[in-house]
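Engineer: quick one: sequence plus predicted model below, questions after.
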Amino acid sequence: MKIYPEKLEKIIEFYKKLPGIGEKSAERLALATLDMKEEEIQNFSEDIKLAKQLLHPCSICGHLTEEEICPICNSTDRNQNLICVIEDYKNVFAFERVGNFHGVYHVLKGLISPIDNIGAEDIHLSSLVNRVEKLEKPEIILALKSSIEGETTTLYIKKIFEGKDVVISRLSYGLPMGAEIDYIDTITLDKALNDRRQISE
């Protein structure tokens, strides 16, 4: 015997596809959705569709934006010579919540992982190289998680810019091993950024 009516079960299954949402949470979200007014449901579904249609990667850094170039890359108040390299755009939101970083970002959209057949050519490394080559004495801050994939990607980036006039630093090791950047509290992330250490020669 089914616990839920078929239509409710479909909504629950959709919510379960979201990260960190289990059966109980999905049930609560589905029931809360049904309790919403018709107009709210319409606005909710329309906003989801519009976000899917209009949001896309920035042509420079890869962060989410509605324009060709995101507001961070377009800002004259940001230090374009200071590039924080991150795994995905969720990490940008984490750093922006801290509020103390005044450089720009570069979203790799993944990490090098030979076991998963993900090589350097499968992530956005070539666009990083193109950006850095146009700058004068830039600093790259590697804000990648402490995992095998993060370390592999860090070493690869360090090798790419070896012998070039590029300062490469990384977040301090106060971060928990394997921690996802977007789940780290703002105080810890701010300290890791300020205590970053240079790893280039």
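Structural biologist: Arrived safely, thanks for sending.
Engineer: part of a strand, is residue 169?
Structural biologist: Yes - counting by DSSP: H, G, I helix; E, B strand; the rest coil, residue 169 is part of a strand.
Engineer: correct me if wrong: it contacts residue 142.
Structural biologist: Yes - judged on Cβ atoms under 8 Å, residue 169 makes contact with residue 142 at a distance of 7.1 Å. The C-beta positions use only the backbone N, C-alpha and C, and glycine is treated the same way.
Engineer: show me how this protein divides into domains.
Structural biologist: Here the domain parsing of the chain from automatic domain parsing is 6-54, 57-198.
Engineer: and the pLDDT at residue 106?
Structural biologist: You'll see residue 106 listed with a pLDDT of 97.
Engineer: shouldn't it be in contact with residue 87?
Structural biologist: No - contact criterion Cβ under 8 Å: residue 106 and residue 87 do not qualify, at 10.5 Å.
Engineer: which helices and strands does the helix of greatest length in the chain pack with?
Structural biologist: If you go by DSSP state H, the chain has its longest helix at helix 38-54. In terms of contacts (3 or more Cβ pairs under 8 Å, 6 or more residues apart in numbering; DSSP states H and E), helix 38-54 is not packed against any helix or strand.
Engineer: show me what counts as buried in that helix.
Structural biologist: Across helix 38-54, burial judged by 16 or more other Cβ atoms under 10 Å covers no residue at all.
Engineer: tell me the gap between that helix and the middle of its chain.
Structural biologist: Helix 38-54 sits 23 Å away from the centroid of its parent chain (Cα atoms, centre = their mean, to the nearest Å).
Engineer: what does it rub up against?
Structural biologist: Helix 38-54 has contacts (Cβ atoms under 8 Å, 6 or more residues apart in numbering) with 33, 36, 66.
Engineer: stretch 58-74 too?
Structural biologist: 54-57, 78, 89, 92, 104-109, 124, 127, 131.
Engineer: find the pair from these with maximum spatial separation.
Structural biologist: 54 and 131 (24.6 Å; Cβ to Cβ).
Engineer: where in this protein is pLDDT low?
Structural biologist: 1, 172-201 (pLDDT under 70).
Engineer: tell me where it has strands.
Structural biologist: 56-57, 64-65, 79-86, 103-107, 139-142, 167-170, 197-198 (DSSP state E).
Engineer: make JSON lines out of those and add distance to residue 96.
Structural biologist: Formatted as JSON lines, the strands of the chain follow (distance: least, Cβ to Cβ, whole Å):
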{"stretch": "strand 56-57", "distance to residue 96": "17"}
{"stretch": "strand 64-65", "distance to residue 96": "12"}
{"stretch": "strand 79-86", "distance to residue 96": "11"}
{"stretch": "strand 103-107", "distance to residue 96": "9"}
{"stretch": "strand 139-142", "distance to residue 96": "14"}
{"stretch": "strand 167-170", "distance to residue 96": "19"}
{"stretch": "strand 197-198", "distance to residue 96": "23"}
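Engineer: next, count neighbours for residue 62.
Structural biologist: Counted with other Cβ atoms under 10 Å, residues neighbouring residue 62 total 24.
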